[in-house]
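Let's see this in three dimensions:
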Amino acid sequence: MKLSSIIFSVLLAAPFSSLHAQKGHEGHNHAPAVEIPAADITGNSPWKGKNVAFLGDSMTDPNNKSTESHYWKYLETLVGLNPHVYARSGYQWDGIYKKAEEMRQDRGDDIDAIIIWAGTNDYNHNKPIGAFFTEKLDSVNVNGSVQVRKHRSLAMNDTTFCGNINRVMSYLKHNYPDKQIIIMTPIHRGYAKFSSKNVQPDENYANAWGLYVDSYIDALRDAASVWAVPLIDLYSESGLYPLEENHDRYFHDSPTDRLHPNANGHYRIARVIQGHLQSIPPSF
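So this is what the prediction gives:
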């Protein structure tokens, strides 16, 4: 077993403070913010004092009230980073581009690293996946001989999932060439009902394109390779599985919101991210 796998297994198996939420009315998990044990805090963290921008959707948005403390707030204590949050509930990757521009306007170059968590809304709102590249035949000089070969170019558009990822990553790579950029995959999706006209099936139902959320997760994994950035695969590594009723303790409301983690769920996510950050430099 790889050392990284051992580390994450230990992190996920470790006991978390305040894990047993009190069940309130209508099934809500009134989970208070986790009191972080001193043993969980990273000593001599390379991320201490670093300015880290978090771009995302409701999982990152401080205005989302499903938790008393988001994962980035826990990371502030766990690894000592300074979080700067640019997120909005419901945002897809086209919205992440807007948040990247907002971050640039607010902070200029005063950012050490950028962490992006988005994609679940692209699946839910039926964004076509598209492709990262377009191809055509082109002439090229190979060792003094002109040959016709396939040539690929990055697909830059705001109409597909891959096209929007390319737009965001191109913008960040251009403006922050010496900063660490990290892509995170969404966690598994549980059922949510926020109103009679906002009912979101769980991940075992395909979207209008006949695609499961896995297809969007796979595209994000590919994006990390295309753009040469680290990937934190929360879909595989968070351990959160909202389709299992015994995981209710990690989510906001068992009957109506198994989509958003509560404070306990966010702490578990923060610990997994913490493990990764130990081997990722914040800037270059």
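
gap between residue 182 and residue 210?
The gap separating residue 182 from residue 210 is 30 Å, by CB to CB, to the nearest Å. No exception for glycine: its C-beta is placed from N, CA and C like everyone else's.

mind listing the helices in the stretch 151-284 of the chain by residue range?
For the stretch 151-284 of the chain, the helices defined by DSSP state H, counting those that start in this stretch cover 161-175, 213-226, 234-237, 263-277.

Now mean neighbour count and distance to residue 115 too, for these, in a markdown table please.
Formatted as a markdown table, these follow (neighbours: other CB atoms under 10 Å; distance: least, CB to CB, whole Å):
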| stretch | mean neighbour count | distance to residue 115 |
| --- | --- | --- |
| helix 161-175 | 21 | 11 |
| helix 213-226 | 19 | 12 |
| helix 234-237 | 21 | 11 |
| helix 263-277 | 24 | 8 |
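
Mind putting those into CSV with distance to residue 152 and mean pLDDT?
What follows is the helices of the stretch 151-284 of the chain, written out as CSV (distance: least, CB to CB, whole Å; pLDDT from 0 to 100):
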stretch, distance to residue 152, mean pLDDT
helix 161-175, 12, 98
helix 213-226, 11, 98
helix 234-237, 27, 98
helix 263-277, 30, 97
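
all strands for the chain, in order.
Along the chain, counting by DSSP state E, strands occupy 22-23, 29-30, 51-56, 82-87, 113-117, 133-142, 145-154, 180-184, 192-195, 198-200, 231-232, 251-253, 257-261.

For those, give me a markdown table that also has distance to residue 173, mean pLDDT and mean neighbour count.
Shown next, in a markdown table, are the strands of the chain (distance: least, CB to CB, whole Å; pLDDT from 0 to 100; neighbours: other CB atoms under 10 Å):
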| stretch | distance to residue 173 | mean pLDDT | mean neighbour count |
| --- | --- | --- | --- |
| strand 22-23 | 46 | 37 | 12 |
| strand 29-30 | 40 | 56 | 18 |
| strand 51-56 | 14 | 98 | 25 |
| strand 82-87 | 17 | 98 | 20 |
| strand 113-117 | 10 | 98 | 25 |
| strand 133-142 | 16 | 98 | 10 |
| strand 145-154 | 11 | 97 | 10 |
| strand 180-184 | 7 | 98 | 23 |
| strand 192-195 | 34 | 93 | 14 |
| strand 198-200 | 33 | 95 | 13 |
| strand 231-232 | 16 | 98 | 20 |
| strand 251-253 | 35 | 93 | 23 |
| strand 257-261 | 30 | 94 | 25 |
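
and the ones you listed as CSV, adding distance to residue 124?
Putting these into CSV (distance: least, CB to CB, whole Å) gives the following:
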stretch, distance to residue 124
strand 22-23, 27
strand 29-30, 22
strand 51-56, 15
strand 82-87, 16
strand 113-117, 15
strand 133-142, 26
strand 145-154, 26
strand 180-184, 17
strand 192-195, 9
strand 198-200, 6
strand 231-232, 21
strand 251-253, 17
strand 257-261, 9
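
closest one to residue 220 among those strands?
strand 180-184 (5.9 Å; CB to CB).

still on that earlier bit, nearest to residue 140, out of the helices of the stretch 151-284 of the chain?
helix 213-226 (21.1 Å).

for the closest residue to residue 191 other than its chain neighbours, what are its contacts?
Ranked by CB to CB, 6 or more residues apart in numbering and with sequence neighbours excluded, the top spatial neighbour of residue 191 is residue 202, at 4.5 Å. Residue 202 is in contact with 189-191, 242-243, 258, counting by CB atoms under 8 Å, 6 or more residues apart in numbering.

Count the neighbours of residue 144 for me.
Residues within reach of residue 144, counting by other CB atoms under 10 Å, total 5.

how close does residue 71 get to residue 170?
From residue 71 to residue 170 the distance is 27 Å (CB to CB).

for residue 43, same thing?
Residue 43 sits 37 Å away from residue 170, taking CB to CB as the criterion.
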